[in-house]
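Asker: Next one to model:
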Amino acid sequence: MQDRGHLLTELRNPHSMHVDAMSTEDAFDLFNREDAGMVAAVAQAKPQVCAAIALVVDAFRRGGRLIYVGAGTSGRLGVLDASECPPTFLSDPRMVQGVIAGGWDALRMAIEGAEDHAEVGAAAIDEKQVDERDVVFGITTGGTTPYVHGALKRAKERGARTVFFACVLADHVPDDADVSIRVLTGPEIVTGSTRLKAGTATKLVLNTITTIAMIQIGKVYQNLMVDVNTRANRKLVDRGTRMIQTVTNLPRDAAHALLNASGGHVKTALVMHARGVDRAGAERMLAEHHGRLAPILDHA
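Answerer: Numbers count the residues shown, from 1 in each chain. Below you'll find the predicted structure:
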């Protein structure tokens, strides 16, 4: 049995040694102080996070995918980030995917032992038919999960680019991924419970990677979420209408009518207005510019 006691995520936090005797208010302050340090911890990994973003953008532009692989909290956060991309960016659900040890049942309950088998992680990569266009992103905050290491090894064998994310030192747990992101979150308030600070840091990094990658492939104009499925619910119809108003200065009724004429696609509506073309013409222009609005609108 591997001794993991030296890993940063397994050490005892000196600030929480008596958390069991703290008042609710003091415990809250402790959690808040510890969580506040996670933004700075992520900032220290900026070069590696930016390198991972570059790999993901290249994969998307080549028709490839970002595939997260993890177990437990790490796996759930990967699946969560993947599930949030289509409603946020109207992206194809295949572009960003999450694979979790233990399968979909592990999203709702702990499947203990599912993370211990490297060969099962490798089989998951084979099942996804990973190839050289893809990026496989292994998440294991403690760094040692065999399922993740097995998946990354097989991904490299299949020609994919790989990213490794952990909250422990590379000297303690090495990897051979193309990009190794180490966010040193330190000991948890409850010893070893990496659903806390390490989970927070993981969410910060995944949000940053997919959001910036989507921005760079044209899913955002200025800071507006223009690639949004306005046919999903009334909230998004309202948001799409307001985005059209913001960019065009049209009255609300006219902006809503333009949205309807575009088939509910904000980007198409904005091109129709700026270039005086119909829906088909706007769609052609967007295709010619790989979905990017700025080259179309800023030179209208």
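Asker: okay, CA-based contacts and neighbour counts for the rest of this
Answerer: Will do.
Asker: tell me which element the residue nearest to K203 when sequence neighbours are not counted is part of?
Answerer: Excluding the flanking residues, the one nearest K203 by CA to CA, 6 or more residues apart in numbering is L77, at 6.6 Å. In the assignment (DSSP states H and E), L77 maps to helix 72-89.
Asker: just checking, what packs against the helix or strand that that helix is followed by?
Answerer: As assigned by DSSP H and E, the chain's next helix or strand after helix 72-89 is strand 96-100. In terms of contacts (3 or more CA pairs under 8 Å, 6 or more residues apart in numbering; DSSP states H and E), strand 96-100 is packed against strand 66-70, helix 72-89.
Asker: just so I have it, where are all the strands in the stretch 101-250 of the chain?
Answerer: In the stretch 101-250 of the chain, the strands defined using DSSP state E, counting those that start in this stretch lie at 135-139, 161-166, 179-182.
Asker: Could you pull up the mean pLDDT of the shortest one?
Answerer: This predicted structure assigns strand 179-182 an average pLDDT of 98.
Asker: next one: stretch 245-253
Answerer: For stretch 245-253, mean pLDDT is 96.
Asker: end to end, how far does that stretch reach?
Answerer: In stretch 245-253, first residue to last residue: 9 Å (CA to CA, to the nearest Å).
Asker: Run the chain-centre distance for that stretch.
Answerer: 32 Å (CA atoms, centre = their mean, to the nearest Å).
Asker: Now do the SS call for H290.
Answerer: What DSSP: H, G, I helix; E, B strand; the rest coil gives for H290 is coil.
Asker: Counting neighbours, what do you get for it?
Answerer: Counted with other CA atoms under 10 Å, residues neighbouring H290 total 12.
Asker: going forward, begin numbering at 4 instead of 1
Answerer: In the new numbering, first residue 4, that becomes H293.
Asker: ok, it to I218 distance?
Answerer: Taken as CA to CA, the span from H293 to I218 is 12 Å.
Asker: ok, now A264?
Answerer: From A264 over to I218 the distance is 25 Å, taken as CA to CA.
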